[in-house]
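below: sequence and its predicted model.
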Amino acid sequence: MFGIPPIALWIAAIIAMGLAFIPPMLLLLEKTGRVDDKLRVELWKRYKSWLVLAPLMVLPLLAGRLWAILGVGILSLLCYREFARATGLFRHRTISAIVALGIILLTFAVADNWYDFFVALTSLGVSALVIAALLADEPKGYIQRVGLGVFAFLLFGVCLGHFGYFANDKRGQAFLLAIIFSVELNDIFAYCSGKLFGRRKLAPQTSPNKTIAGAVGALILTTALFATLMHFITAGTVIDRPIHLITLGVLVSFTGQCGDLVMSSIKRDLGLKDLGTLLPGHGGLLDRFDSLIFVGPAVFHYLNYFAGFGFDTPTRIFTGP
Amino acid sequence: MDAWKYKPAAGQNLPPGDSMRSVQREAGLVSTITQACWRTIVRLYLGGYHRLRVEGRENLPLKPPFVMIANHSSHLDALTLASALPWRLRRYAFPIAAGDIFFQTPVSTWFSAMMLNALPMWRKRCGSHAMQELRDRLIGEPTIYILFPEGTRTRDGKMGPFKPGLGMIVSGSNAPVIPCYLDGAFSALPPGKKWPRPATLRLRIGPPLTFADVENRREGWQKIGDQLTSAVEVLRPETPS
C-alpha cells in the first residue's frame, strides 16, 4: 500500500494497538491497587508523551524517504541542542554553528544518497571543528571545547545520521520501524526482567536501577523479537539465516543498552538528573533516544557488509550528473 | 590535569515556556540568528521610516556590563536604544519588558525571547527578589540592560518620576548607567495607538554615571533615582520635534 512494505504497516499497527491497550492496563493496575499515586501520575505523564512522540516518529517513516531523512536530521539537531545546553558548549557559537552545519550537510548527503560525501563529512567535520576553534585565539579550555564539539558531532551527527541512511533502501521503512520498536521494547524488557529477577546491580555507579538480570532478560527477549521481525522483512535474502538474524538481534539489544548507559554516564558527570525538559515524564529528547544512537551504525554496517545497502535508490539524486 | 568544568545553560531544567520567561535565559544558536535578523529589520525601519538620528554614541562604554535608561513613551523606545548600540555589543543587550504585556501568551513570549531578547519584569510582583536576580546577572556576566525607570509609558508626553527598582539593580556596583533621551517617540506611537506615524526620532546619549559608593538601601535608591532623573532631563532637546 502506497509503496510501503506490508511488514512496516504491520509494525505501525502493532505500535498503535499497544498505545491503545495501555490505558485499560493502567486503569486495571490502579483498580487492583498495584501502583501508588506517585507512580500512577508518572506513568500517565509518560503515556501522554508517547501519544505525541509515537506518531511523530512513525508517520514521517511511513510518509516516505525524504520525510524520514528530514525527521532524523531534525532529531539530530535537537539532540545536539540539548547536549550543548547541558554541557555549556552552546556558549561557543562558532563550534555550535559548525556542528549544526555538519548535521545539515550529513542530512543532505543522506538525502542525496551520496555515501562518499557522508563518509567524508566525518573527517572533514572533525577537522573543521578543531581548526575553527583556533579562531577564538584562546588556548585555555581549547581541548574541552573541541572535545565536546567533536564528541557531539560524532554521536548526534554521524552515529544518529545512519538512521537516515536506512530510508535509502526499499525495505528502509520496515528496518527503521523494527529497530525503533525493538529498542524501545528493549528498555521495557530490561525494566520488567529486572523487576522480576534482578538482584545484582549491573553498574551501580552509572545507573543504580539497572540489574544484570534485567540486561540479560532484555538481551534474550529483544533478540527474539528483532530476529523475528527481520526474518519477515528480509525473507528470501542472504540475511534471512538464523546466524545473521540472531547476531542482529544481539547487536540491537547490546548497543541499545550501551546507549542508555552512555547517556547515564554523561548525566552523572554533568551532575544533572535529566538532559532536558521537552518530554514530560521522560526528561529530554536524549533521555528517550539515548538507546538509539549506537544501534543505527551497528545494524547499518552489518547489513551493508553482508547484503549491501541502498542499491535500489539512485545515487547522487540532487548532485549527480 | 584539571577536571573539565561544565556550566549548563541557566534554566536548563525548566520546561520550554518557563525557560523563555526566565531572567537568566541564555541565547543559543537559533535565537542568535533570529535576533540578528530582527535587529537588521528594526535598524532599516528606524532609519528609513523614522529617520532616526543618534547623538553622543561616544558616551557608550566599549564593553558590558552597563545599563541604558531613557524616558518611556512608546513601544519603539527599547528598539531604538538597542539599535544605537554597535553591532558587536548588541547580543548582550536585554530590554527589560513588562511581563504582563510581553510574556503573557506563548506567542508573545516566543517573540519577546527569540526576537527582542527581552527579559520580563512582572510589575505586580517586582519585589527585591526579582531585582536581585537582575542584579546578579549584571554583575556575573557581560550584560547590557535597557530599561525605563518610569515603569510605564507616559500618557501625556511628560516624563514621570523614576521608580526605585533601578537603584536596587545598580547601587554599589561598578556597572555604569547611561542616561538617554528619546525625542519624537510620543508623537510616533503614543500608548493606545496601533500603527506608528512617520515622526522623526532623535536619541541623545549622555555621559555614564556609576553608583559604586551608593548603599543598596531605600535612601540610596532614591538618590540614584533623583540623579538619573536630572541626567535624563538635561538631554531633552529644547525644541522638541
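Nice, thanks for sending it over. Predicted, not measured: the structure shown is a model, and the values here were computed from it.

residue numbers of chain B in contact with chain A?
B:4-9, B:12-16, B:19, B:26, B:28-30, B:32 (Cβ under 8 Å from any Cβ of the partner chain). In short, each C-beta sits where N, CA and C put it, glycine included.

go again using 7 Å as the cut-off
Residues of chain B lying close to chain A by Cβ under 7 Å from any Cβ of the partner chain are B:4, B:6-9, B:12-16, B:28-29, B:32.

looking at those, which has the smallest pLDDT value?
Taking the residues of chain B next to chain A together, the minimum pLDDT is found at B:Pro16 (81).

contacting residues for it?
Residues counted as contacts of B:Pro16 (Cβ atoms under 7 Å, 6 or more residues apart in numbering or on different chains) are A:Thr277, A:Leu278.

related to what we said a few turns ago, who wins on neighbours among the residues of chain B next to chain A?
When neighbours are taken as other Cβ atoms under 10 Å in any protein chain shown, the top entry among those is B:Ala9 (24 neighbours).

helix/strand/coil for the closest residue to it other than its chain neighbours?
Of all residues not flanking B:Ala9 in the chain, A:Arg85 sits nearest, at 4.0 Å (Cβ to Cβ, 6 or more residues apart in numbering or on different chains). Following DSSP: H, G, I helix; E, B strand; the rest coil, the label given to A:Arg85 is helix.

residue contacts, A:Arg85?
With Cβ under 7 Å, 6+ apart, A:Arg85 has these contacts: B:Pro8, B:Ala9, B:Gln12, B:Gly28.

pretty sure the third one contacts A:Thr87?
To tie it back to what came earlier, the one meant is B:Gln12. No: judged on Cβ atoms under 7 Å, B:Gln12 makes no contact with A:Thr87 at a distance of 9.9 Å.

list the buried residues in the longest strand along chain A.
Assignment by DSSP state E gives strand A:207-211 as the longest strand of chain A. Across strand A:207-211, burial judged by 16 or more other Cβ atoms under 10 Å in any protein chain shown covers A:Ser207, A:Lys210, A:Thr211.

returning to what we had before: mind putting the contacts of A:Arg85 into JSON lines with secondary structure?
Output for these, formatted as JSON lines (three-state DSSP):
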{"residue": "B:Pro8", "secondary structure": "coil"}
{"residue": "B:Ala9", "secondary structure": "coil"}
{"residue": "B:Gln12", "secondary structure": "coil"}
{"residue": "B:Gly28", "secondary structure": "coil"}
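
residue nearest the centroid of chain B?
B:Ile146 (1.5 Å; Cα atoms, centre = their mean).

helix, strand or coil for that one?
What three-state DSSP gives for B:Ile146 is strand.

so where do the helices sit in chain A?
Using DSSP state H, the helices of chain A run over residues A:6-31, A:37-63, A:65-87, A:93-111, A:115-132, A:142-152, A:160-166, A:172-197, A:212-233, A:242-270, A:285-289, A:295-306.

now distance to A:Tyr165 too, for the residues of chain B next to chain A, in TSV please.
Formatted as TSV, these follow (distance: Cβ to Cβ, whole Å):
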residue	distance to A:Tyr165
B:Trp4	32
B:Tyr6	32
B:Lys7	35
B:Pro8	32
B:Ala9	31
B:Gln12	31
B:Asn13	34
B:Leu14	35
B:Pro15	34
B:Pro16	30
B:Gly28	28
B:Leu29	25
B:Thr32	31
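
quick check: most distant residue from the centroid of chain A.
Most distant from the centre of chain A: A:Asp137, at 36.1 Å, with distances by Cα atoms, centre = their mean.

ok, how many other residues are close to the nearest residue to B:Pro237 once chain neighbours are set aside?
Closest residue in space to B:Pro237, ignoring its immediate chain neighbours: B:Asp183 at 5.4 Å, by Cβ to Cβ, 6+ apart. Neighbour count of B:Asp183, defined by other Cβ under 10 Å: 21.

quick one, phi/psi of B:Asp183?
Phi and psi for B:Asp183, reported as degrees, to the nearest 10, are phi -110, psi 140.

which pLDDT value does the model give it?
Note for B:Asp183: predicted pLDDT of 95.

just the pLDDT at A:Pro280, thanks.
Note on A:Pro280: pLDDT of 80.

skip the chain neighbours and tell me the closest residue to the spatially most central residue of chain A.
Geometric centre of chain A, nearest residue: A:Leu292, 2.2 Å, by Cα atoms, centre = their mean. Excluding the flanking residues, the one nearest A:Leu292 by Cβ to Cβ, 6+ apart is A:Val183, at 5.6 Å.

same check, this time on A:Arg200
Nearest residue to A:Arg200, sequence neighbours excluded (Cβ to Cβ, 6+ apart): A:Ile212, at 4.9 Å.

just give me the neighbour total for that neighbour.
For A:Ile212, the count of nearby residues is 16 (other Cβ under 10 Å).

surely it touches A:Ala203?
No: A:Ile212 lies out of contact with A:Ala203 (Cβ under 7 Å); the separation is 9.5 Å.

could you list the low-pLDDT ranges of chain B?
B:126-127, B:240-241 (pLDDT under 70).

just the strands in it please.
Assignment of strands within chain B using DSSP E yields the ranges B:53-55, B:66-70, B:93-98, B:119-121, B:144-147, B:177-183, B:202-205.

closest to A:Ala111 out of those strands?
Proximity to A:Ala111, assessed across the strands of chain B by Cβ to Cβ, is greatest for strand B:93-98 (38.5 Å).

ok, so what distance separates A:Leu225 from A:Val183?
Here A:Leu225 is placed at a distance of 10 Å from A:Val183 (Cβ to Cβ, to the nearest Å).

let me redo that: A:Val150
Distance of A:Val150 to A:Val183, computed by Cβ to Cβ: 25 Å.

more neighbours: which of those two?
The neighbour count for A:Val150 versus A:Val183, taken as other Cβ under 10 Å, is higher for A:Val183 (24 against 18).

in the stretch 101-250 of chain A, which residue sits closest to chain B?
Relative to chain B, the nearest point of the stretch 101-250 of chain A is A:Gln144 (4.9 Å; Cβ to the nearest Cβ).

verify the stated contact: that residue with B:Ala3.
No: assessed by Cβ under 7 Å, A:Gln144 is found out of contact with B:Ala3, at 9.9 Å.

in terms of neighbours, single out the busier of the two.
A:Gln144 (18 against 7).

residues contacting the more buried one?
Shown in contact with A:Gln144 (Cβ under 7 Å, 6+ apart): B:Trp4.

could you rerun that using 10 Å?
Contact analysis of A:Gln144 by Cβ atoms under 10 Å, 6 or more residues apart in numbering or on different chains lists A:Thr87, A:Gly88, A:Leu89, A:His92, B:Asp2, B:Ala3, B:Trp4, B:Lys5, B:Tyr6.

how about A:Leu251?
A:Leu251 is in contact with A:Thr223, A:Phe226, A:Phe294, A:Val295, A:Ala298, A:Val299, A:His301, A:Tyr302, counting by Cβ under 10 Å, 6+ apart.
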